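In: Sequence and predicted structure, then a few things I'm wondering about:
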Amino acid sequence: MHSGDLKIRWARQYMPVLSSIRERFEQEKPFAGMTIGMALHVEAKTAVLVETLVAGGAEVHITGCNPLSTQDDVSFALNTREGIHSYAKRGATVEEYYAGIDRVLDARPAVTIDDGMDLIHRLHTERREILDAVIGGCEETTTGVHRLRAMAREGALRFPVIAVNDTPMKRFFDNVHGTGESSLAAVMITTNVLIAGRRVVVAGYGYCGRGLAQKARSLGARVIVTEVDPRRALQAHMDGFEVMPMDAAAALGDIFITTTGNTGIITERHFPKMKSGAILANAGHFDVEIDVDWLERNADAVERREGINTYILDGTALHVLAEGRLVNLATPKGMGHPIEVMDLSFAVQALSALHIARHGRELSPGVHDVPSAIDEEVARLKLDVLGLAIDRLTPEQEDYMSSWTIGT
Ligand SMILES: NC(=O)c1ccc[n+]([C@@H]2O[C@H](COP(=O)([O-])OP(=O)(O)OC[C@H]3O[C@@H](n4cnc5c(N)ncnc54)[C@H](O)[C@@H]3O)[C@@H](O)[C@H]2O)c1
């Protein structure tokens, strides 16, 4: 069996929630005659989502959402299957990256599934002629949802998009545990350094940052958090982490991981303060958090090895992982989130795509929440798989919770 097929088979066995949705889709064929256009990280777990949509009758055209996150053997394996066309290629140039997006759009998708909003951006700028063919879309990540909300605020978004990222069944598990575990795993497997006893600086104490900080501490790291939001900074403090500005943390950290979704987090102001041997990685969606361009222009020398570029500045060596792109997917050995986490996120994606296919025409253009029935369904399916039973509200409890008349 081809390596891409073996990877997909490996992932599929740990994705029972998506399997049960697939069985339902096979019976109901809800996407019969429909084209779905996707720009996601093309690797094994995504392939299982694609299979699920195809089992529901869809024709899927997919490309990457990051030039370094594609696994070519998985892209190849997808292309051998009926009803699936993959244009993703690892190491794509900017032109090749957008050519992939254009090929997906050439298929005139009725439903879009994005991770970072590049597909929807292209549709609303260069490819407006096919906008009317689209019923709606789904967005996987925080940065994509930020961009979509900015578009919606300006009245520029022309169809409904479900913010898959923002729903509890995605954020509580994918952003916290998925990014936390897989980003640290990517740092460890790429560098082979010990985390225990090291000072790990986590920039941003959002969902991803919280996961990273907790997991680094559980490995024995001394964790410093940087924030701009006073509430989140206080939360980090009360969760037991040191809190300080990046200007102060720069001189203390051994390993830096940015996860703010913002730009210019570690810059020329910080690099000269850092210890020689400091390791810098980004887990945020775009490669704008660490100013790698400045290092490229100003370093006295650069040593390039697989997944690590070392910049020498006045005798100080700074090691940047995965060119500052999201470390858990873009390092050569990065495998992305753990499979079980993506089982949940992609179950939400599959059911949200179904919701768009069935009800998209009734929804107004703009950003929509995942319907809570979908979120609960995914949680219940996962509990069933785990064999976990939970209590149910009694009629008295339901009355009590919905009443305002019962007091002391
Ligand atoms: N690596 C992955 O696989 C993966 C998975 C999920 C999300 N993401 C990406 O990670 C990023 C963060 O996602 P999230 O869900 O944690 O978002 P979030 O909004 O919950 O958290 C971001 C945090 O960063 C803080 N922040 C913003 N600017 C800052 C600055 N200058 N300095 C310090 N802190 C700052 C914000 O106040 C906020 O608390 C996004 O780009 C998202 O798309 C990556």
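Out: Arrived safely, thanks for sending.
In: The closest residue to Gly56 other than its chain neighbours: which element?
Out: Excluding its sequence neighbours, the residue lying closest to Gly56 (C-beta to C-beta, 6 or more residues apart in numbering) is Phe25, at 3.3 Å. Heads up, the C-betas are built off the backbone N, CA and C, glycines and all. If you go by DSSP states H and E, Phe25 is part of helix 16-28.
In: Show me the longest helix that occurs in this structure.
Out: Longest helix in the chain by number of residues (criterion: DSSP state H): helix 339-359.
In: List the pairing partners of whichever helix or strand comes after that one within its sheet, with orientation.
Out: Using DSSP H and E, the helix or strand that follows helix 339-359 in sequence is strand 366-368. The strands that strand 366-368 pairs with in its sheet are strand 160-163 (parallel) (by DSSP bridges).
In: how distant is the strand it pairs with from the center of its chain?
Out: 16 Å (C-alpha atoms, centre = their mean, to the nearest Å).
In: And the contacts of it?
Out: 112, 120, 136-139, 145, 148, 352, 355-356, 360, 363-370 (C-beta atoms under 8 Å, 6 or more residues apart in numbering).
In: hmm, which of those are the buried ones?
Out: 112, 120, 136-139, 145, 148, 352, 355-356, 360, 363, 366-368, 370 (16 or more other C-beta atoms under 10 Å).
In: Show me what the longest helix of the chain is packed against.
Out: helix 16-28, helix 44-55, strand 111-114, strand 136-139, strand 160-163, helix 168-170, helix 372-386 (3 or more C-beta pairs under 8 Å, 6 or more residues apart in numbering; DSSP states H and E).
In: Go through the ones you listed and name the closest to the ligand.
Out: helix 168-170 (8.6 Å; C-beta to the nearest ligand atom).
In: which of the residues in the closest one are buried?
Out: Applying 16+ other C-beta under 10 Å to helix 168-170 flags 169-170 as buried.
In: Could you do stretch 14-21 as well?
Out: Going by 16+ other C-beta under 10 Å, stretch 14-21 has these buried residues: 14-19, 21.
In: Distance to the ligand and pLDDT added to those residues, as TSV?
Out: Output for these, formatted as TSV (distance: C-beta to the nearest ligand atom, whole Å; pLDDT from 0 to 100):
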residue	distance to the ligand	pLDDT
Tyr14	17	97
Met15	17	98
Pro16	22	97
Val17	19	97
Leu18	18	97
Ser19	23	97
Ile21	22	97
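In: which of those lies closest to Arg171?
Out: Val17 (16.6 Å; C-beta to C-beta).
In: Contacts only, for that closest one.
Out: 343-344, 347, 378, 381-382, 385.
In: and those residues, which are buried?
Out: 343-344, 347, 378, 381-382.
In: show me what contacts the residue in the stretch 251-400 of the chain positioned nearest to the ligand?
Out: Going by C-beta to the nearest ligand atom, the ligand is nearest to Gly261 of the stretch 251-400 of the chain, at 3.1 Å. For Gly261, the contact set (C-beta under 8 Å, 6+ apart) comprises 142-143, 146, 204, 206, 284-286.
In: again, only this time at 10 Å
Out: Residues near Gly261 by C-beta atoms under 10 Å, 6 or more residues apart in numbering: 141-146, 204, 206, 208-209, 283-286, 288-289.
In: Helices of the stretch 151-300 of the chain, start to end?
Out: Secondary structure of the stretch 151-300 of the chain (DSSP state H, counting those that start in this stretch): helices at 168-170, 179-191, 207-218, 230-238, 246-252, 292-298.
In: Can you point out the buried residues in the fifth one?
Out: By neighbour count with 16+ other C-beta under 10 Å, helix 246-252 contains the buried residues 246, 249-250, 252.
In: give me every residue that touches Lys215.
Out: 176-177, 179-185, 195, 200, 202, 221, 223.
In: swap in Leu49?
Out: Leu49 makes contacts with 11, 15, 18, 21-22, 38, 40, 60, 62, 113, 342-343, 345-347, 349-350, 353, as judged by C-beta under 10 Å, 6+ apart.
In: Next, find the distance separating it from Val94.
Out: Using C-beta to C-beta, to the nearest Å, Leu49 is found at 26 Å from Val94.
In: can you check Asn79 too?
Out: Distance from Asn79 to Val94, by C-beta to C-beta: 23 Å.
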